[in-house]
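1. Can you look at this prediction? I've put the sequence above it.
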Amino acid sequence: MPQPRIYMDNAATTALRPEVVQAMLPYWTERIGNPSAIHRFGREARRAVEDARRQTAAALNADAREIFFTSGGTESDNWAIRGVCEALQDKGRHVVTTQIEHPAVLQTCAELERCGWRITRLPVNGDCLVDPSDVQKAIRDDTVLISVMTANNETGVLQPIADIGRIARDAGVCFHTDAVQAVGEIPVDVEALNVDLLSLSGHKLHGPKGVGALYVRKGVRLRNLILGGEQEHGRRAGTENVPAIVGLGVAMECAARDWPIHNRQVSALSRRLVQGVQSALPGVRLNGHATLRLPGNVNLSAEGVQGEALLMRLDLEGVAASSGSACASGSPEPSHVLLAMGLTPDEARASLRLSLSDENTLEEVERVVALIVSIVQDLRRAR
């Protein structure tokens with residue numbers, strides 16, 4: 001009989017929690033009101049949206065008035081960067097970011113550059129870490145924004161965001177972090193991290209696709225995203241996606257509640273996966289810092305093996321994994337993140353990302369270890 005399929009691509013998207021599904025259902029079938037309407041149906045929908053705003057804020061240690069719902073992490077990143085830069089262009093036209101950001105940040109910065117802005121893209125070391133002192137050195141009199149991700153989407157490496165936030169605050173520069181991969185995996189406290197803006201996405205934390213949020217600290221100047229209505233305090237017009245927003249709120253509440261158990265379980269599974277593969281195969285490296293990383297992210301490079309070939313063979317065996325960012329899927333180019341860390345193009349093309357959740361089991365990990373070992377040995381023999 002065929003083996004059950006195994007899902008280890010949670011960095012790309014996650015399964016909906018059952019309690020999220022249950023919370024969303026009434027807003028597709030019974031509670032159908034427009035949140036802007038004044039009748040009972042509308043008031044029910046408005047309460048649901050504001051409850052989700054409070055849930056999201058509480059999980060981030062923020063004020064509910066600082067949470068703005070969006071369509072996802074990409075929109076939140078675009079809004080944060082463009083919104084701040086357009087609002088503050090009278091003060092300067094320089095942005096500091098890094099070479100390892102998600103395309104939602106890098107491409108937005110590239111577009112600003114085409115419009116005459118100056119962009120400083122900071123390097124990382126071999127562990128995929130940004131040096132806060134490089135951030136400090138990069139700040140100029142005309143710097144209006146710093147954007148550094150909380151956790152890298154390919155390697156899972158955690159950046160020194162609190163330190164960078166202190167540097168930005170001391171310099172009077174607005175600081176944005178793309179926390180799409182981190183929220184739901186680890187505690188994320190906007191006060192402790194010293195951030196002014198923070199992006200997150202529902203489908204990365206067992207919530208629905210098509211919804212996210214942008215945290216904007218009170219007092220931050222940010223240009224409105226969409227005109228044409230008073231939704232989201234007049235900052236992002238358009239009728240709210242009530243079911244998805246409700247689901248995001250519940251997912252945020254669950255993540256904040258369950259992260260200690262999640263962290264222990266998933267960290268143990270990830271360690272076993274890395275140990276099992278490396279003990280059986282020579283020439284396998286873990287990409288990124290060994291401990292400063294998300295608990296569920298395992299990014300491996302197997303010497304002499306194309307990551308895409310390994311990925312396809314795993315897929316044939318019913319295992320879902322990735323060779324990098326889901327947003328770069330299908331690109332023939334090696335990972336810009338791994339190249340920035342100093343890997344050669346061949347080493348970068350040999351990478352495989354497995355991202356686990358607490359829905360994975362030890363039995364699944366052991367099966368995946370055995371499959372990776374067998375497939376890599378087979379691919380090396382075929383060279």
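-> Received it, and whenever you're ready, just let me know what you need.
2. Output the contacting helices and strands for the helix ranked longest in the chain.
-> In the chain, assigned by DSSP state H, the helix with the most residues is helix 242-280. If you count contacts as 3 or more C-beta pairs under 8 Å, 6 or more residues apart in numbering; DSSP states H and E, helix 242-280 packs onto helix 18-24, helix 26-29, helix 40-60, strand 284-286, strand 297-302, helix 362-381. Backbone N, C-alpha and C define where each C-beta goes, glycine included.
3. contacting residues for residue 117?
-> Counting by C-beta atoms under 8 Å, 6 or more residues apart in numbering, residue 117 makes contact with 85, 93-95, 109.
4. if we go to 6 Å?
-> For residue 117, the contacting residues are residue 93, by C-beta atoms under 6 Å, 6 or more residues apart in numbering.
5. again with residue 130
-> 98, 122, 124, 159 are the contacts of residue 130 under C-beta under 6 Å, 6+ apart.
6. What is the nearest of these to residue 66?
-> The shortest approach to residue 66 among the contacts of residue 130 belongs to residue 159, at 21.8 Å (C-beta to C-beta).
7. That closest one: neighbour count?
-> 22 (other C-beta atoms under 10 Å).
8. what does residue 38 give?
-> Look at residue 38: counted by other C-beta under 10 Å, it has 10 neighbours.
9. cool, residue 19 as well?
-> 14.
10. measure it to residue 51 for me?
-> Residue 19 sits at a distance of 14 Å from residue 51 (criterion: C-beta to C-beta, to the nearest Å).
11. Also residue 348?
-> From residue 348 to residue 51 the distance is 44 Å (C-beta to C-beta).
12. Residue 206 now?
-> Applying C-beta to C-beta to residue 206 and residue 51 gives a distance of 18 Å.
13. returning to that earlier point: export the helices and strands packed on helix 242-280 to JSON lines and append columns for distance to residue 137.
-> JSON lines is the format used below for those (distance: least, C-beta to C-beta, whole Å):
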{"stretch": "helix 18-24", "distance to residue 137": "44"}
{"stretch": "helix 26-29", "distance to residue 137": "49"}
{"stretch": "helix 40-60", "distance to residue 137": "30"}
{"stretch": "strand 284-286", "distance to residue 137": "30"}
{"stretch": "strand 297-302", "distance to residue 137": "28"}
{"stretch": "helix 362-381", "distance to residue 137": "41"}
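14. Nearest approach to residue 251 belongs to which of the ones you listed?
-> The closest of the helices and strands packed on helix 242-280 to residue 251 is helix 18-24. By C-beta to C-beta, the value is 5.2 Å.
15. Any idea what the closest residue to residue 106 other than its chain neighbours is bridged to?
-> Nearest residue to residue 106, sequence neighbours excluded (C-beta to C-beta, 6 or more residues apart in numbering): residue 97, at 7.4 Å. Beta bridges link residue 97 to residue 121 when assigned by DSSP bridges.
16. Around residue 97, count how many other residues there are.
-> Counted by other C-beta under 10 Å, the residues lying close to residue 97 total 25.
17. repeat for residue 219
-> 7.
18. Check the secondary structure at it for me.
-> coil (DSSP: H, G, I helix; E, B strand; the rest coil).
19. Tell me how many other residues crowd the nearest residue to residue 100 once chain neighbours are set aside.
-> Spatial nearest neighbour of residue 100, excluding adjacent residues (C-beta to C-beta, 6+ apart): residue 337 at 4.6 Å. Residue 337: 28 surrounding residues under other C-beta under 10 Å.
20. so residue 337 touches residue 157, yeah?
-> No. Residue 337 lies out of contact with residue 157 (C-beta atoms under 6 Å); the separation is 9.1 Å.
21. In stretch 177-196, which residues are buried?
-> 177-186, 188, 190, 193-196 (16 or more other C-beta atoms under 10 Å).
22. Pick the one among those residues closest to residue 364.
-> Minimum separation from residue 364 among those (C-beta to C-beta) is found for residue 185, which lies at 18.7 Å.
23. Tell me the confidence at the closest residue in space to the closest one that isn't next to it in sequence?
-> Sequence neighbours aside, residue 294 is the residue nearest to residue 185 in space, at 4.9 Å (criterion: C-beta to C-beta, 6+ apart). Listed pLDDT for residue 294 reads 97.
24. check contacts around residue 297.
-> Residue 297 neighbours (C-beta under 6 Å, 6+ apart): 156, 355.
25. looking at this structure, which helix or strand is least sure?
-> When the helices and strands of the chain are compared on mean pLDDT, DSSP states H and E, helix 345-349 comes out lowest with a mean of 92.
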